[in-house]
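Got a sequence here, can you model it:
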Amino acid sequence: MVTYIVRRLITAVLILFGASFIVYILTALSGDPLADLRQLRTPNKEALIQSRVELLDLNTPPPIRYFIWLSGAAKCVVPFLGTCDLGQSIQGEPVTEALARAMGQTISLVTAATILAIVVGISLGIITALRQYSGLDYGVTFMAFLFFSLPIFWLAVLLKEYAAIGFNDFLAEPHIPISALLVIGLVSAVIWGILAGGSWKRKGLAAVIGFVVAFGILFVMDVTGWFVDPGLGPVLIAIFGVGVAYAVTGLTSGLKNRRALYSALLMVPIGLICYYALNPLLSAATPLMIVLLAAGAILVGCIVGYFMGGYDRGQSMRAGAIAAFLIGSLIVLDRFLVTWSAYSSNSRVRGRPIATTGASTPGLDGDFWIAGLDNFTHLLLPTIALMLASLAGYSRYSRSSMLEIMNMDYIRTARAKGLSERTVVMRHAFRNALIPLATLVAFDIGALIGGAVITEQVFAFSGMGALFINALNRVDPNPIMGFFLITGILALVFNLIADLAYSALDPRVRVKA
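From the prediction side, this is the model:
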């Protein structure tokens, strides 16, 4: 294994060396970095040209300039060689500073969208495979390919118009007319009916429940003014917590494991105690505090599951830990919702909280909760746009993989032994269905830092994609090479991770030197 990894790393270094040399030479020969200065008619024109020539070392031939750049770039890759130096951009800014700023913007923009696309896409693919040729299967397939075929810039514009401008207008006078409630209830009824499956009687009952639930919830929210002053409160946290406990237990161990179910349900009263006990502490929350509280919640869930025991203590600990984390997330969500009114009425926000451009509201002052809401409202639309565009690939790959796995002999053997369908799907089929997705997921995560060029342009994010395009237009080789170095290293590293993931997921695959 170690020999294989070392050999792959050496090969990666050689690939990076050759590819970076070609990219640098092509960039240097693609245009004139002095073109904008040559068009000036100011008296200091020659001085400006000479200054840029010295800044970019344009009197040196491109191949020699490449090796000068390489000597600085090697300090970024190999430890203990010195301070990282990727040169300066055409404006005189160090490339390392520009990359650090752009990477922060890109990671915040693309990470959540990619994770959601992976989780939701794989889940939908597996569910539709288990319900092959059903209304749910056809509906998910249609919607997935619809969003996949839509141009990302058009999808972004639609989200701006209806999810931002339309919702902000609604918040100015938050009232839902009866006609809209009926339409939303009917849509909910159709969705519930499709999800229910089975006989028409079962579908009809699910549709009625879906209509009543959607109509009732929105009606209560409208009457109580929830949209103006939202929040969950202990009652809703308890209700959702019980639902979370049953859902987590059903997925991780099955509801027949009563010890695991009780471990998850015990997290509900513990969470309600923490809801009141931690309220003063959360007023001065910081990101580190939230991370520590999340780790503490998981630890408490593991401890409760351990003492609950049962025939499989690991299942109880897993159910308790996941339920504790999710119930803790409900408490944090409630705190964000309580802060929503103060954020929306801020003089910088002016009652239009859903942002359409930028990464943050200029000049906005506030605590952790205000800043968190501001980041959320600015990332909401681009995250949805990128997630919808990426959803089809994951859902189709996971669906086809799951269909192939479910027809295997060992799946039929597992069913013949009398195992429950949940055990067959989660323990025998799910892991093997992930094997073909390992490469796709690894490359997508590796491409995160490359940015989403079109989305960044539409939503005015100054990320890696924008950095690359601007540098390319200005014939500015140093930022382009910095972009290439980071994305190239990530692509090679995650290609290696994909190969190692294959061996971890499939015992038949072994990497060899």
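
contacts, neighbours, all on C-alpha from now
Will do.

Now name the helix or strand holding Pro234.
For Pro234, the element it lies in under DSSP states H and E is helix 233-252.

then that helix to PDB, C-alphas only?
Extracted in PDB, the C-alpha atoms of helix 233-252 (Å, rounded to 0.1, in the frame of the first residue of the first chain):
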ATOM      1  CA  GLY A 233     -40.000  26.700  20.700                       C
ATOM      2  CA  PRO A 234     -39.900  23.700  23.000                       C
ATOM      3  CA  VAL A 235     -43.100  22.200  21.700                       C
ATOM      4  CA  LEU A 236     -42.100  22.000  18.100                       C
ATOM      5  CA  ILE A 237     -38.600  20.900  19.000                       C
ATOM      6  CA  ALA A 238     -40.100  18.000  21.100                       C
ATOM      7  CA  ILE A 239     -42.400  17.000  18.200                       C
ATOM      8  CA  PHE A 240     -39.700  17.100  15.600                       C
ATOM      9  CA  GLY A 241     -37.300  15.400  18.000                       C
ATOM     10  CA  VAL A 242     -39.600  12.400  18.400                       C
ATOM     11  CA  GLY A 243     -39.900  12.200  14.600                       C
ATOM     12  CA  VAL A 244     -36.100  12.400  14.300                       C
ATOM     13  CA  ALA A 245     -35.700   9.600  16.900                       C
ATOM     14  CA  TYR A 246     -38.000   7.300  15.000                       C
ATOM     15  CA  ALA A 247     -36.500   8.100  11.600                       C
ATOM     16  CA  VAL A 248     -32.900   7.700  12.800                       C
ATOM     17  CA  THR A 249     -33.700   4.400  14.500                       C
ATOM     18  CA  GLY A 250     -35.600   3.100  11.500                       C
ATOM     19  CA  LEU A 251     -32.600   3.800   9.200                       C
ATOM     20  CA  THR A 252     -29.800   2.700  11.500                       C
END
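
so the helix or strand that it is followed by versus helix 233-252, what angle?
Going down the chain from helix 233-252, the next helix or strand is helix 258-277, by DSSP H and E. Using axes from the mean of the first three to the mean of the last three C-alpha atoms, to 10 degrees, the direction of helix 258-277 lies 150 degrees away from that of helix 233-252.

Give the other helices and strands that helix 258-277 contacts.
helix 233-252, helix 287-308, helix 313-344 (3 or more C-alpha pairs under 8 Å, 6 or more residues apart in numbering; DSSP states H and E).

downstream neighbour of it in the secondary structure list?
Next along from helix 258-277, by DSSP H and E: helix 279-282.

rewinding a little: could you identify which of the helices and strands packed on helix 258-277 is most buried?
Mean neighbours per residue, mean count of other C-alpha atoms under 10 Å, is largest over these for helix 313-344, with a mean of 23.

Next SSE downstream of that one?
By DSSP H and E, the next helix or strand past helix 313-344 is helix 368-406.

That next one packs against which elements?
helix 95-130, helix 135-149, helix 152-158, helix 313-344, helix 430-433, helix 437-446.

Dump the ones you listed to JSON lines, plus mean pLDDT.
Putting those into JSON lines (pLDDT from 0 to 100) gives the following:
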{"stretch": "helix 95-130", "mean pLDDT": "86"}
{"stretch": "helix 135-149", "mean pLDDT": "85"}
{"stretch": "helix 152-158", "mean pLDDT": "86"}
{"stretch": "helix 313-344", "mean pLDDT": "92"}
{"stretch": "helix 430-433", "mean pLDDT": "81"}
{"stretch": "helix 437-446", "mean pLDDT": "75"}
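
closest to Ala207 out of those?
Ala207 sits nearest to helix 135-149 of all the helices and strands packed on helix 368-406, at 13.7 Å, using C-alpha to C-alpha.

That closest one - contacts with which helices or strands?
On the basis of 3+ C-alpha pairs under 8 Å, 6+ apart, helix 135-149 makes packing contacts with helix 95-130, helix 178-196, helix 368-406.

OK, contacts around Val187?
Phe211 (C-alpha atoms under 8 Å, 6 or more residues apart in numbering).

quick one: it from Thr83, how far?
Counting by C-alpha to C-alpha, to the nearest Å, the gap between Val187 and Thr83 amounts to 59 Å.

go on, Ile127?
51 Å.

who has more neighbours, those two?
Higher neighbour count among Ile127 and Thr83: Ile127, with 19 against 12, using other C-alpha atoms under 10 Å.

sorry, back to before: now render the helices and strands packed on helix 368-406 as TSV, adding distance to Tyr246.
Putting those into TSV (distance: least, C-alpha to C-alpha, whole Å) gives the following:
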stretch	distance to Tyr246
helix 95-130	18
helix 135-149	23
helix 152-158	36
helix 313-344	9
helix 430-433	20
helix 437-446	29
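
Identify whichever of the ones you listed lies nearest to Leu236.
helix 313-344 (9.4 Å).

which other helices and strands contact the closest one?
helix 233-252, helix 258-277, helix 287-308, helix 368-406.

distance between that helix and the chain's centre?
18 Å (C-alpha atoms, centre = their mean, to the nearest Å).

Likewise for stretch 63-70?
37 Å.

Let me see the residues that make contact with that stretch.
Contacts for stretch 63-70 (C-alpha under 8 Å, 6+ apart): 21, 24-25, 57, 86-87.

if you look at those, which of them are in strands?
Members of those lying in strands (criterion: DSSP state E): none.

Quick one: buried ones out of the residues you listed?
Those of these that meet the buried threshold are 21, 24-25, 86-87, by 16 or more other C-alpha atoms under 10 Å.

could you dump those residues to TSV with pLDDT and distance to Asp367?
Below are the buried ones among the contacts of stretch 63-70 laid out as TSV (pLDDT from 0 to 100; distance: C-alpha to C-alpha, whole Å):
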residue	pLDDT	distance to Asp367
Phe21	92	47
Tyr24	90	45
Ile25	90	48
Leu86	83	36
Gly87	82	37
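
Cross these against helices and list the overlap.
Judged by DSSP state H, those include 21, 24-25 as members of helices.

Low-confidence stretches in the chain?
1, 78-82, 310-311, 446-451, 505, 507-513 (pLDDT under 70).

What are the structural domain limits within it?
Per automatic domain parsing, the structural domains of the chain span 2-99+475-505, 175-224, 230-344.

closest to Thr356 out of the ones you listed?
Per C-alpha to C-alpha, nearest to Thr356 of those: domain 230-344, 14.8 Å.

Relative to Gln39, which of the helices and strands packed on helix 135-149 is closest?
Of all the helices and strands packed on helix 135-149, helix 95-130 comes closest under C-alpha to C-alpha, at 25.9 Å.

Going by neighbour count, list what's buried in that closest one.
Here helix 95-130 shows 95-96, 98-99, 102-103, 105-114, 116-118, 120-130 as buried, counting by 16+ other C-alpha under 10 Å.

just to revisit the earlier point, looking at the domains of the chain, which one is packed in the most?
Taking mean count of other C-alpha under 10 Å, domain 230-344 is the most buried of the domains of the chain, at a mean of 19.

what about that domain, start to end distance?
Note: domain 230-344 ends 11 Å apart using C-alpha to C-alpha.

could the helices and strands packed on helix 135-149 be laid out in CSV, adding distance to Pro151?
Converted to CSV, the helices and strands packed on helix 135-149 look like this (distance: least, C-alpha to C-alpha, whole Å):
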stretch, distance to Pro151
helix 95-130, 17
helix 178-196, 26
helix 368-406, 8
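
Identify whichever of the ones you listed lies nearest to Asp334.
Of those, nearest to Asp334 by C-alpha to C-alpha is helix 368-406, at 10.8 Å.

and that closest one, which residues are buried?
In helix 368-406, counting by 16+ other C-alpha under 10 Å, buried: 368-370, 373-403, 405-406.
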